[in-house]
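Chemist: sequence first, then the predicted structure, then my questions.
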Amino acid sequence: MFLSRIRRGGPYRLLAGLVFVTASFVCSATALAGAAPAPRNPPDQPMLDALVQPSEPVEVAGGPVYCVVDIPFAGPVFGPTDAPATTVELTVRFKHQSGSPVITVHGFWDGDGAGGTTGGVFRVRFCPTLAGKWFLAEVRSNQSALNGQKAGGYVTAIPSGKKGFWMPDREAPGSRWYARSDGSHAYIVGNTHYSFLSEHRGTGLASGDFSWDIANNAKYFNKLRFSVVPDRYPHPTSKPFLDSTGRPTDDGDYSSRPNPAWFHHRVDSAVRTAFDHDLIADLILNGPDTSEARSVLRAAQSGGDPTPFLHYIAARYGSYPNVWLCLSNEWNGGSPSYEAADIARFGQILRKFLPYPTPVSVHPGHEWDKALNSSPPWNDHVIVQGKIKTLAEAADFAAANRDAGGAMPVVNDELAYQGDGDGFSREDVLEGFVGTFLGGGYGTTGFKPAAKRGPYFWGKFNPAEHTAADNLLWLRTKIDSNFTFWKMTPVDPRASVFPNANPKFRALEWPDHEYVIGTDEAQEDIQVRLPPGVWHVWQYDMIAKDEVRMGAEAVGFCTFDAPPSRAVLTFFKKVVPAGTAAPSAR
């Protein structure tokens, strides 16, 4: 039997005295209190031996698997004129009760622990990856007050429904798609609010509440990229760094002196809120725009060495499963700009401090520069900037840059900003996103009414103006619900099962299982030569948000029509293997 033509048919849990939130919240278990702050130790004190095995291990903290357990340590008191990020070393080696895995996590100074800039609170943030007891097998520091503190104690991890970290799926064809720690896959569609952490949009003008913005974004997107510094729209008093006199400053050359007030109240809060909503917090460390924001990696006040800041970021945020790290926005443009060799070196420094498989990359002015590649790679994905309105160009751009980056996932982080700033309509955005998906990549949008102005900088996401957002949610939902996309590879439709397709069309295939062709204009009688078996066929118009089940069961050779729409996916999925009796048509 052959189908000659397919037509559109018309609560909280208490455990050992610790309070844990459920899996929908960031783990906020309170760690047991440490000793009173100790006097300062000389900053050049050598690292001490800290392997301690008390006879009676003590539970020091607890929380669900794939949540962050925040463990405070009582250390030397520092103030705003000090620079403990450059002098104090603290690492904890966590060992699961079974003997494996073993995870080494770095600690950081957190002022008074509540956003104050004077205090002796140090923190280690640990994310248990298995249920059970995790022993603090070793606590090492070059400060005697910290060295050995809480060693031999343990963290109790309870099961959770959290999905865990994002990692390139090594079993996916070409490792081009991400998987979560639990083996699940979700297609990634992101948004941009570069400077929304300052909650300002100019002198004396408040822009909104970034926590509200994150929750609102999470209704439509699963990734949000933003800078850890305020860039073009600074807050009048709240600043990310402290200068040598202890004065808060936006100057990134002081990046070796992070201000605990800024990071506690703003970056921590944003990351935790995003975690609550399972939203990727894609943190831009350098830039995007002003010379002060772009000087974070230059780090002139620490001799041009950004290591203290990279260590601080890894320690403070590297245990969050929802955190991604972008070294710089447009690393090879603006002032100051950087050399590829420097970016690769910074990436290698950052990677060695990260305890988990945190996604790391850097954002270029356009295409990926092969000079960034290294062996082993410091990055796990390729970021590109290609503002693209057409299906074929978007697909080919993603595929080509994956190859340039050494066969890893590709994210076009400035794929399509809707609005007058770049001249992108809703339809332009949607065609670019469909093309990027067909090229085996991911994309990020934003709303840009004018250059350097509007929600893509200062936040206040509004789906009534950023009208592509609802369609992008629909696209993401259809992909996640219907496509086994992580097994699919980009292919020329004519070299797949669509021999007479328009050369402008693009496709993905999981041979003998699933095929999807993307179309951006009408074509009648597109031929399909399906492998043996029975196939179901759906057509999705991303602009109209129209889903149609086409015909009944498709077998062998068939044809279909592409409608006159700019963003359509026609999807073929095998439902009955060859040699099995086909079900009755419904």
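Modeler: Cool, got the structure. Source: prediction; values computed, not measured.
Chemist: which residues of the stretch 451-586 of the chain fall in strands?
Modeler: 489-491, 506-510, 514-519, 523-529, 533-541, 546-549, 557-562, 568-577 (DSSP state E, counting those that start in this stretch).
Chemist: in CSV: these, plus mean neighbour count, distance to residue 295 and mean pLDDT.
Modeler: The way it works is simple: take the backbone N, C-alpha and C, and place the C-beta from them, glycine included. Listed next are those as CSV, based on neighbours: other CB atoms under 10 Å; distance: least, CB to CB, whole Å; pLDDT from 0 to 100:
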stretch, mean neighbour count, distance to residue 295, mean pLDDT
strand 489-491, 20, 39, 98
strand 506-510, 24, 41, 98
strand 514-519, 26, 42, 98
strand 523-529, 15, 52, 98
strand 533-541, 21, 46, 97
strand 546-549, 14, 49, 96
strand 557-562, 19, 50, 96
strand 568-577, 20, 44, 94
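Chemist: between these, which gets nearest to residue 65?
Modeler: The closest of these to residue 65 is strand 506-510. By CB to CB, the value is 31.0 Å.
Chemist: for that closest one, which helices and strands make contact with it?
Modeler: Here strand 506-510 touches helix 391-404, helix 426-438, strand 489-491, strand 514-519, going by 3 or more CB pairs under 8 Å, 6 or more residues apart in numbering; DSSP states H and E.
Chemist: mind running it again at 6 Å?
Modeler: Other helices and strands packing on strand 506-510, by 3 or more CB pairs under 6 Å, 6 or more residues apart in numbering; DSSP states H and E, are strand 489-491, strand 514-519.
Chemist: partners of it in the sheet?
Modeler: Applying DSSP bridges to the sheet, strand 506-510 is found paired with strand 489-491 (antiparallel), strand 514-519 (antiparallel).
Chemist: quick one: the last one to strand 533-541, angle?
Modeler: Counting by axes from the mean of the first three to the mean of the last three CA atoms, to 10 degrees, strand 514-519 points 30 degrees away from the direction of strand 533-541.
Chemist: out of the helices and strands packed on strand 506-510, which gets nearest to residue 276?
Modeler: Judging these by CB to CB, what sits closest to residue 276 is strand 514-519, at 33.0 Å.
Chemist: residue 251: what's it in contact with?
Modeler: Shown in contact with residue 251 (CB atoms under 6 Å, 6 or more residues apart in numbering): residue 292.
Chemist: ok, now with 7 Å
Modeler: In this structure, residue 251 makes contact with 241, 243, 292, 295, judged by CB atoms under 7 Å, 6 or more residues apart in numbering.
Chemist: distance check, the nearest residue to residue 359 once chain neighbours are set aside against residue 218.
Modeler: In this structure, residue 359 finds its nearest non-sequential neighbour in residue 324, 4.2 Å apart by CB to CB, 6 or more residues apart in numbering. Using CB to CB, to the nearest Å, we find residue 324 at a distance of 15 Å from residue 218.
Chemist: okay, the two: which has more neighbours?
Modeler: A direct count of neighbours by other CB atoms under 10 Å for residue 324 and residue 218 places residue 324 higher, at 24 against 19.
Chemist: give the bridge partners for that one, please.
Modeler: residue 282.
Chemist: which SS class is residue 270?
Modeler: With DSSP: H, G, I helix; E, B strand; the rest coil as the basis, residue 270 sits in helix.
Chemist: then the one 4 residues further on?
Modeler: Residue 274 falls in the helix class when you classify it by three-state DSSP.
Chemist: how close does the nearest residue in space to it that is not next to it in sequence get to residue 456?
Modeler: Closest residue to residue 274 apart from its sequence neighbours, by CB to CB, 6+ apart: residue 281 at 4.1 Å. For residue 281, the distance to residue 456 equals 17 Å [CB to CB].
Chemist: mind listing what residue 280 touches?
Modeler: Contacts were defined as CB under 7 Å, 6+ apart; by that measure residue 280 touches 222, 223, 224, 322, 324.
Chemist: would CSV of those with distance to residue 189 and pLDDT be doable?
Modeler: What follows is these, written out as CSV (distance: CB to CB, whole Å; pLDDT from 0 to 100):
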residue, distance to residue 189, pLDDT
222, 6, 98
223, 7, 98
224, 11, 98
322, 15, 98
324, 14, 99
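Chemist: adding secondary structure and distance to residue 431, write the residues you listed out as JSON lines.
Modeler: Output for the contacts of residue 280, formatted as JSON lines (DSSP: H, G, I helix; E, B strand; the rest coil; distance: CB to CB, whole Å):
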{"residue": "222", "secondary structure": "coil", "distance to residue 431": "21"}
{"residue": "223", "secondary structure": "strand", "distance to residue 431": "20"}
{"residue": "224", "secondary structure": "strand", "distance to residue 431": "23"}
{"residue": "322", "secondary structure": "coil", "distance to residue 431": "29"}
{"residue": "324", "secondary structure": "strand", "distance to residue 431": "26"}
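Chemist: with distance to residue 445 added, can I get those in a markdown table?
Modeler: As requested, these are exported to a markdown table (distance: CB to CB, whole Å):
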| residue | distance to residue 445 |
| --- | --- |
| 222 | 12 |
| 223 | 10 |
| 224 | 11 |
| 322 | 19 |
| 324 | 16 |
